[in-house]
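K.L.:
can you look at this prediction? I've put the sequence above it.
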Amino acid sequence: MTPELHLAPEVAAALHERRAVVALESTLITHGLPYPANIETALAMEAAVRETGAIPATIAVLKGQITVGLTANEVERLGAAPAGTVRKCSRRDFAIAVGLNEDAATTVAGTMIAAHWAGIRVFATGGIGGVHRGHPFDVSADLIELGRTPVAVVCAGAKSILDLPLTLEVLETQGVPVIGLGTTTLPAFYTRSSGLPIDTCVDTAEQAASIVAAAHRLGLGHGLLITVPVPAEDELPAETAEAAIRQATDEAEAQGIRGRDVTPFVLMRVAQLTEGQSRRANVSLLRNNARTGGQIAVALQNLR
Ligand code: PSU
Ligand code: MN
C-alpha cells in the first residue's frame, strides 16, 4: 500500500471487519457545487450512506496525504477554500499534490484510484466526466480509469454538457459495463433519460452487487458504471437543461476555456442559468446515489 495513504480510524476498522464502505469524491465539493451547498451536500451524502448501514469515506489529498475518510471539519475546510485554490486531482495530479504536500480534491478517476488502494469497491457520486461536445479529443480521465481500476461507480450518468453517444463509445472501448438500476437508458444527470441504450438493466441493489462480485471474481481489472436516474419528482425539464447547457458550452468556447477548467466552468454556468431548479435536482440525485451506493455495498458484503 502506498505510504501516503491515510485511512480514517472508522474506515480502517470497517474494512478490517469486512463491513460495507462507500467512497465519496471531493471535486464535487471544491469544483462542482457552490459554498455552502457543497458542504451541506457532502455531509448529507455521508448521512445517506450511513442510513443503509454502510460507512462513508470521503476522499481527498490533505497536505500531501491521500486521506480516505475525511472528518466533518476537513470537509468544511475544503468546501470553504476560495474557488480555484484547491487542485483538482485526477490520475496525473497525485504525484504533484503528494510531492508538494498540497490539498487536492479527487475527481472520479482520482477517487477510484484511492478507493482501490484502500480496498473499497463501491463509490457514489453525481455525474462522471466524458467526451466533450465538439472536442472529441477532450476525453475525461474518468473513462480511462473506469477501464483499468476495479471500482463500481454509482452515478446519475453524465450531464449532456458532454457528448453522451461518444462517451458510451469510449466506455465500450475501455471495456466498462454500463448498468442501469431501474433504467434501460443512460440517465443524463438532471433528466432521467438520454434515450441512449445501455448494456443491461437490473431492478435491485442485490443484482447490481452480484455483477460487481462477478467482475471481481473474473479479475479483468475494469471498473463498472452503475447508473441511477434522478428521482422523478426532482427531475429538470429536458428543454431547461438543454438550453442552459448549450449557452454554457458556447460561452466556454467563446472565452477560450480549456482542459481541466472546462467542466467546472460549465457546471457553474448551468447552475447560474437554471437558478434553483438545477440545484434541487443536483442535491436530490447526489443523496439518492449515496443511498444506492450504500445498499449495493451492503449487498456486496452479504454475498461474501
Ligand atoms: N460532472 C458533474 N459534477 C462534477 C464533475 C463532473 O456533473 O463535479 C467532476 C467530477 O469530479 C469528475 C470531473 O470526475 O468533474 C471530471 O472532470 P474532467 O472533465 O476535467 O475530467
Ligand atoms: Mn478534460
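P.N.:
Perfect, I can see it now. This one's a predicted model, so the numbers in the text were calculated from it and none came from an experiment. Ligands and ions are numbered 1, 2, ... in the order given.
K.L.:
which stretches in this protein count as strands?
P.N.:
Secondary structure of the chain (DSSP state E): strands located at 5-7, 21-24, 55-62, 65-68, 87-89, 104-106, 122-124, 131-132, 135-139, 152-155, 178-181, 200-202, 224-227.
K.L.:
can you redo those as a markdown table with mean pLDDT?
P.N.:
Shown next, in a markdown table, are the strands of the chain (pLDDT from 0 to 100):
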| stretch | mean pLDDT |
| --- | --- |
| strand 5-7 | 98 |
| strand 21-24 | 99 |
| strand 55-62 | 98 |
| strand 65-68 | 98 |
| strand 87-89 | 97 |
| strand 104-106 | 98 |
| strand 122-124 | 99 |
| strand 131-132 | 94 |
| strand 135-139 | 93 |
| strand 152-155 | 99 |
| strand 178-181 | 98 |
| strand 200-202 | 98 |
| strand 224-227 | 98 |
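K.L.:
tell me which of those lies nearest to residue 269.
P.N.:
Nearest to residue 269 among the strands of the chain is strand 131-132 (14.3 Å), distances taken as Cβ to Cβ. C-beta here means a position set from N, CA and C on the backbone, and glycine is covered the same way.
K.L.:
what's the spacing between the closest one and its chain's center?
P.N.:
Relative to its parent chain, strand 131-132 has a centroid offset of 16 Å by Cα atoms, centre = their mean, to the nearest Å.
K.L.:
and that strand, what does it pack against?
P.N.:
Helices and strands touching strand 131-132, by 3 or more Cβ pairs under 8 Å, 6 or more residues apart in numbering; DSSP states H and E, are strand 135-139, helix 164-173.
K.L.:
will you turn these into CSV that also has mean neighbour count and distance to ligand 1?
P.N.:
As requested, the helices and strands packed on strand 131-132 are exported to CSV (neighbours: other Cβ atoms under 10 Å; distance: least, Cβ to the nearest ligand atom, whole Å):
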stretch, mean neighbour count, distance to ligand 1
strand 135-139, 14, 8
helix 164-173, 18, 11
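K.L.:
rebuild these as a markdown table, extending it with distance to residue 75.
P.N.:
Compiled in a markdown table, these are given as follows (distance: least, Cβ to Cβ, whole Å):
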| stretch | distance to residue 75 |
| --- | --- |
| strand 135-139 | 30 |
| helix 164-173 | 29 |
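K.L.:
let me know which of those is the nearest to residue 87.
P.N.:
strand 135-139 (19.0 Å).
K.L.:
show me what the closest one is packed up against.
P.N.:
strand 131-132.
K.L.:
ok, and what's touching the strand it packs on?
P.N.:
Defining contact as Cβ atoms under 8 Å, 6 or more residues apart in numbering, one finds that strand 131-132 is touched by 138-140, 143, 161-163, 166-167, 169-170, 262.
K.L.:
give me the neighbour count for the closest residue to ligand 1 within the stretch 151-300 of the chain.
P.N.:
In the stretch 151-300 of the chain, the residue that lies nearest ligand 1 is residue 263 (3.8 Å; Cβ to the nearest ligand atom). Residue 263 has 26 neighbours, counted by other Cβ atoms under 10 Å.
K.L.:
nearest residue to it in space, please, no chain neighbours.
P.N.:
For residue 263, ignoring the flanking residues on the chain, the nearest one in space by Cβ to Cβ, 6 or more residues apart in numbering is residue 129 at 6.2 Å.
K.L.:
surely the one you found and residue 162 touch.
P.N.:
Yes: contact criterion Cβ atoms under 8 Å: residue 129 and residue 162 qualify, at 7.4 Å.
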